[in-house]
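# Take a look and give me a structure for this.
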Amino acid sequence: MIASKTEEEIALLREPCRIVRDCLAFVEERIRAGMTTREVDEMVYKFITASGAEPSCLGYCGYPASACVSVNEVVVHGIPDERVLEEGDIVSVDLCAYKNGFHGDGARTFCIGEVSDEKKKLVRVTRECFFEAVEGLKAGTPLYDIGYKVQRHAESNGFSVIRSYTGHGIGHEMHEDPAVPNFGRRGTGPRLPENAVICVEPMIAAGGWRVKVEEDGWTAVTLDKKPAAHYENTIVIRESGVEILTL
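Numbering: from 1, shown residues only. Below you'll find the predicted structure:
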């Protein structure tokens, strides 16, 4: 069963989601070649804590940082370190903020300087996959329609959908039911109730969809080392459509 939130709970969710939105915009303005992924993480930590929130990722199941900073072939959960960002890289920054007893979650993929045409297209199509998925989405829509739309748009552009990681419900916990896959068969799955709060997060690869997790237990990379991109927002399912809390 997919739970709904009350209007009071959604009101409390707005603040951590606003912080996530503003933090991602702050990072977008400042991320650049020559910066280390650890410096990106420090920027996220300072922004979230200065906003009166806590970085949800820090310490989550032992995760050692405030943000996941994933470069090129790293799909998700890249641990910030001394790696220096270079011209031509693409970098996914995934972060969560906790305030008012609720979590907000969002991710963007940024281009560092001039990147290849393939990477530009990958970042653009990944973002488009999110908006394709939420177009027409409303209370009563079967859950797997989301993944169907993501998969259709990604594959029609020559890319593949990562299967090992999904979107999710969110609220008092950072990850709640349901899992929200980025692939699926149209018209299947439980129907989304009004006021369900979920994270829709296409993770799209330029090559194959298979991934492996590095020895650190977190960093997920494409098996063929092709680049991947990630775009995520926290949304509320309404009778007439969706409300995007992190935009």
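# make it CA atoms for all contacts and neighbour counts henceforth
Noted.
# Quick check: next helix or strand after the longest helix seen in the chain?
Counting by DSSP state H, the longest helix found in the chain is helix 7-30. Using DSSP states H and E, the helix or strand that follows helix 7-30 towards the C-terminus is helix 37-50.
# and that following helix, how far from the chain's centre?
17 Å (CA atoms, centre = their mean, to the nearest Å).
# One more: stretch 164-171?
So, by CA atoms, centre = their mean, the centroid of stretch 164-171 is 9 Å from its chain's centroid.
# One more: stretch 71-86?
15 Å.
# State the mean pLDDT of that stretch.
Stretch 71-86 carries an average pLDDT of 98.
# just stretch 23-37 next, same as before
pLDDT averaged over stretch 23-37 gives 98.
# Outside of that stretch itself, list whatever touches it.
Stretch 23-37 has contacts (CA atoms under 8 Å, 6 or more residues apart in numbering) with 40, 43-44, 47-48, 69, 80-87, 93, 106-108, 110, 112-113.
# Just the buried ones from those residues?
Neighbour-count burial within the contacts of stretch 23-37 applies to 40, 43-44, 47-48, 69, 80, 85-86, 93, 106-108, 110, 112; the criterion is 16 or more other CA atoms under 10 Å.
# Show me which pair in these is furthest apart.
Pairwise distances across these (CA to CA) peak at 25.5 Å, for the pair Ile48 and Glu86.
# all helices for this structure, in order.
7-30, 37-50, 117-134, 145-156.
# Pick the most buried one from these.
helix 145-156 (a mean of 22; mean count of other CA atoms under 10 Å).
# Residues touching it, excluding its own?
125-126, 128-130, 132-134, 137, 160-161, 180-188, 202, 204.
# hang on, the earlier thing: tabulate the helices of the chain in TSV, adding columns for distance to Leu223.
Output for these, formatted as TSV (distance: least, CA to CA, whole Å):
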stretch	distance to Leu223
helix 7-30	28
helix 37-50	22
helix 117-134	17
helix 145-156	18
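# so what's the nearest residue to Val242 once chain neighbours are set aside up against?
Using CA to CA, 6 or more residues apart in numbering and skipping the chain neighbours, the partner closest in space to Val242 is Val236 (5.6 Å). Going by CA under 8 Å, 6+ apart, Val236 touches 195-198, 242-245.
# looking at the sheet around Val236, what are its partners?
Val197, Glu243 (DSSP bridges).
# Ok, Val211 next?
Where Val211 sits in a bridge, its partners, by DSSP bridges, are Thr222.
# dump the residue contacts of it.
Val211 neighbours (CA under 8 Å, 6+ apart): 162, 164, 220-223.
# swap in Glu176?
Per CA under 8 Å, 6+ apart, neighbours of Glu176: 168-170.
# And it, what's its pLDDT?
97.
# For Glu15, see how far away it is.
Distance of Glu176 to Glu15, given as CA to CA, to the nearest Å: 19 Å.
# Skipping adjacent residues, who's closest to Leu247 in space?
Per CA to CA, 6+ apart, closest to Leu247 is Arg21, 5.9 Å.
# pretty sure that neighbour contacts Ile244?
No. Arg21 lies out of contact with Ile244 (CA atoms under 8 Å); the separation is 10.3 Å.
# pLDDT weak spots in the chain?
Along the chain, segments meeting pLDDT under 70 are nowhere present.
# Using PDB, write out every CA atom in stretch 66-84.
Presented in PDB, the C-alpha positions along stretch 66-84 are these (Å, rounded to 0.1, in the frame of the first residue of the first chain):
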ATOM      1  CA  SER A  66      26.600  15.200   3.000                       C
ATOM      2  CA  ALA A  67      26.100  14.700  -0.700                       C
ATOM      3  CA  CYS A  68      26.700  12.000  -3.300                       C
ATOM      4  CA  VAL A  69      29.000  13.500  -5.900                       C
ATOM      5  CA  SER A  70      29.200  11.200  -9.000                       C
ATOM      6  CA  VAL A  71      31.600  11.900 -11.900                       C
ATOM      7  CA  ASN A  72      31.200  10.600 -15.400                       C
ATOM      8  CA  GLU A  73      30.800   6.800 -15.200                       C
ATOM      9  CA  VAL A  74      29.700   6.900 -11.600                       C
ATOM     10  CA  VAL A  75      25.900   6.500 -11.600                       C
ATOM     11  CA  VAL A  76      25.100   7.200  -8.000                       C
ATOM     12  CA  HIS A  77      26.600   7.300  -4.500                       C
ATOM     13  CA  GLY A  78      30.000   8.700  -5.400                       C
ATOM     14  CA  ILE A  79      31.800   9.400  -2.200                       C
ATOM     15  CA  PRO A  80      33.500  12.900  -2.200                       C
ATOM     16  CA  ASP A  81      37.200  12.800  -2.000                       C
ATOM     17  CA  GLU A  82      40.300  14.500  -3.400                       C
ATOM     18  CA  ARG A  83      39.300  13.800  -7.100                       C
ATOM     19  CA  VAL A  84      39.700  17.100  -9.000                       C
END
